[in-house]
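Visitor: Sequence and computational prediction follow.
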Amino acid sequence: MISSNTPRIRVVIAKPGLDGHDRGAKVVAQALRDAGMEVIYTGLHQSPESIVEIAIQEDANAIGLSVLSGAHNYLFMRVLELLIQKQAEDIIVFGGGIIPDEDASMLKEKGVKGIFGPGTPLSEVVEFVKTNVKPIVG
């Protein structure tokens, strides 16, 4: 049994927008669970507003976005903007999908901590989260 004082990483995995392909998001969610993290999967067709609200309500310390629709610039930036508005910018944002390198660079400059493209080994995503996300105690 896990003690309430055991540090834990809570990650919200979200599928924003109209994209209906969630296999990758579910695979990443399972890999993070297998690595001992608590994962909340939001399901399909979430708005940036609902994703941020879920992350705050669930006391998450990271949000992973899966975007295959081409709307990645808007969706990632809107999530970052809402986190600032809600004074929750300590929640780390990372994600993946079909994101051109130049867009990935811009998103990282704006505050997205990690971008993972198709074919990224799951171990790389897990290691990124373990390295960049500070566990919550209690």
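Guide: Nice, I can see it.

Visitor: Any idea which residue is closest to the centre of this structure?
Guide: The centroid of the chain falls nearest to Gly64 when counting by C-alpha atoms, centre = their mean (1.1 Å).

Visitor: Now do the buried residues in the top helix by length along the chain.
Guide: In the chain, assigned by DSSP state H, the helix with the most residues is helix 72-85. Within helix 72-85, the residues that count as buried by 16 or more other C-beta atoms under 10 Å are 72, 75-80, 82-83. No exception for glycine: its C-beta is placed from N, CA and C like everyone else's.

Visitor: Can you list the neighbours in contact with it?
Guide: Helix 72-85 has contacts (C-beta atoms under 8 Å, 6 or more residues apart in numbering) with 16-17, 48-49, 51-52, 55, 63, 65, 67, 89, 91, 93, 95, 97-99, 103, 106-107, 110-112.

Visitor: Name the next helix or strand downstream of that helix, please.
Guide: Downstream of helix 72-85, the next assigned helix or strand under DSSP states H and E is strand 92-97.

Visitor: and whichever helix or strand comes after that following strand, which residues are buried?
Guide: Sequence-wise, the next helix or strand downstream of strand 92-97 (DSSP H and E) is helix 101-110. By neighbour count with 16+ other C-beta under 10 Å, helix 101-110 contains the buried residues 104, 107.

Visitor: report the angle between the axes of helix 101-110 and strand 92-97?
Guide: 170 degrees (axes from the mean of the first three to the mean of the last three C-alpha atoms, to 10 degrees).
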